[in-house]
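>>> For reference, the sequence and a predicted model appear below.
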Amino acid sequence: MLRKICATALVVAVTAGLAFAGGSQQSSGGAAPSGGATAPAAAAPKIVVIFAGTEAASTGQSRMMAAAAKKLNDSGRFQADVQVNGALSGDTDNLVTQAKMGIPLVVPSDPGRLASQFNIPDLNILMAPYVLTDIAALDKLPDTALFKEWSAQLEAQGVAFVADMYNGFRGFYTTTPVNTVEDLRGLRIRGFGNNIGNALAKYMNFANIGISWGETLPGIQQGTLDGCEVQVATAYGSAIYEVAKYLALTNHYLLQSSFVCSTALLTSMPATDRQFFLDTIRETAKEYSLIIAAEEEPLYQQMRDRGVTVTAVDLTGFQAAIDPLYTNNDLGLSAGLKDRLFRELGL
């Protein structure tokens, strides 16, 4: 598997190098880009960008990347491609590592993954269970001093934090009913293989299995997993309803797609192109945050239509189970961080 990933990375890098040298093809369509970003004038060889993710093409995250790529291509200055459903790698951390190495990838990670991968524990607060519960807070996040501090810490390690997008509340999809937190005890659940995922499992008493998303459906099918915790768009797009017939709406994470690329990619762009690139991704992310939120309830209904029992559980017990996480400070958060975040967000 590692050999395959490395080979893929090499092919992408070589392709990108050819395109930067002026070997890129003319993008289809010449319409002006939508949104408020101002397109730079076409002149120099096109800038190659590859949006790479692990979710199915039907999810809001993948569609957001396709929409952003189209806007970039329509400017005439970019050659943007989209590779989703794990086409380049089924492991998000691996994709971020490839981006950091200089391959021109834009990757949707999340705050919890970035916190673990780049040793910035305070970033965990954005994905910590039952801390942020209103997606409107994400609109204000880029203007906070905390966000700017975290961005600077990432940039010092070669990664640029481009945008943050709402990507759905997460629930438990299981082969047996989950009505209370006690029902999770002893279950083997595919979750985040990082500090956030391990902390959630610790206090909700399930076994956290941090495998790649592509292994989840066969794992449940074969009985090596009892379920997964994930957002509805990804669950539906991956047909989890075929193997897990129970969904508990625990809403334990407000999942965010944190789009990152290498600082080298950004600094290689002329200033006008760089600003257009950033504005385009940020505006498209804001647009799709609302789209994803609006699509959640219809997707839950489609789950019901496919035989899934969807339960709006009483959150009191789940939240109480998580409280010791903050008392014990398993995530290593700075003292007073939650209060500071809420103050800067105006909550």
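Structure's in. What do you need?

>>> Flag the shaky bits of this protein, pLDDT-wise.
1-43 (pLDDT under 70).

>>> biggest strand in it, by residue count?
Secondary structure of the chain per DSSP state E: the longest strand is strand 159-174.

>>> So which residues of the chain form helices?
All helices of the chain, identified by DSSP state H, fall at 2-18, 60-74, 92-100, 111-117, 137-140, 145-155, 195-204, 216-222, 232-237, 263-268, 271-305, 315-328, 337-345.

>>> How is the chain divided into domains?
With domains defined by automatic domain parsing, the chain comprises 2-24+46-166+258-296, 171-253+299-345.

>>> could I get these as CSV with mean neighbour count?
The C-beta positions use only the backbone N, C-alpha and C, and glycine is treated the same way. Below are these laid out as CSV (neighbours: other C-beta atoms under 10 Å):
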stretch, mean neighbour count
domain 2-24+46-166+258-296, 20
domain 171-253+299-345, 18
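
>>> OK, contacts around the residue nearest to Val232 when sequence neighbours are not counted?
With sequence-adjacent residues excluded and distances taken as C-beta to C-beta, 6 or more residues apart in numbering, Val232 is closest to Leu299, at 4.5 Å. Leu299 makes contact with Val232, Ala233, Tyr236, according to C-beta atoms under 8 Å, 6 or more residues apart in numbering.

>>> Check whether the last one really touches Met303, as I assumed.
Yes - distance between Tyr236 and Met303: 6.4 Å, which falls inside the contact criterion (C-beta atoms under 8 Å).

>>> returning to that earlier point: also compute the angle for the longest strand of the chain relative to helix 195-204, please.
With axes from the mean of the first three to the mean of the last three C-alpha atoms, to 10 degrees defining the directions, strand 159-174 sits at 30 degrees from helix 195-204.

>>> Could you spell out the sheet neighbours of strand 159-174, each with its direction?
Within its sheet, and counting by DSSP bridges, strand 159-174 is paired with strand 227-231 (antiparallel), strand 246-248 (antiparallel), strand 254-262 (antiparallel).

>>> about what we covered before: for Leu254, find the nearest of the helices of the chain.
Closest to Leu254 of the helices of the chain, according to C-beta to C-beta: helix 137-140, at 8.3 Å.

>>> quick one: the closest one to chain centroid distance?
Mean C-alpha position of helix 137-140 versus that of the full chain (C-alpha atoms, centre = their mean, to the nearest Å) differs by 16 Å.

>>> tell me what that helix is packed against?
strand 159-174, helix 271-305, helix 337-345 (3 or more C-beta pairs under 8 Å, 6 or more residues apart in numbering; DSSP states H and E).

>>> Ok, which of those comes nearest Glu55?
Closest to Glu55 of the helices and strands packed on helix 137-140 is strand 159-174 (C-beta to C-beta; 8.7 Å).

>>> Dump the longest strand of the chain to PDB, keeping only the CA atoms.
Extracted in PDB, the C-alpha atoms of strand 159-174 (Å, rounded to 0.1, in the frame of the first residue of the first chain):
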ATOM      1  CA  VAL A 159       1.100  24.000   5.600                       C
ATOM      2  CA  ALA A 160      -1.400  26.900   4.900                       C
ATOM      3  CA  PHE A 161      -4.900  26.800   6.500                       C
ATOM      4  CA  VAL A 162      -6.900  28.100   3.600                       C
ATOM      5  CA  ALA A 163     -10.600  27.700   4.700                       C
ATOM      6  CA  ASP A 164     -12.900  26.000   7.200                       C
ATOM      7  CA  MET A 165     -16.200  24.600   6.100                       C
ATOM      8  CA  TYR A 166     -19.100  23.000   7.900                       C
ATOM      9  CA  ASN A 167     -19.400  19.300   6.900                       C
ATOM     10  CA  GLY A 168     -22.100  17.900   9.000                       C
ATOM     11  CA  PHE A 169     -22.900  16.700  12.500                       C
ATOM     12  CA  ARG A 170     -21.700  13.200  13.200                       C
ATOM     13  CA  GLY A 171     -23.700  10.300  14.600                       C
ATOM     14  CA  PHE A 172     -23.300   6.600  15.200                       C
ATOM     15  CA  TYR A 173     -24.300   4.100  12.500                       C
ATOM     16  CA  THR A 174     -24.500   0.600  14.100                       C
END
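
>>> No more questions from me, cheers.
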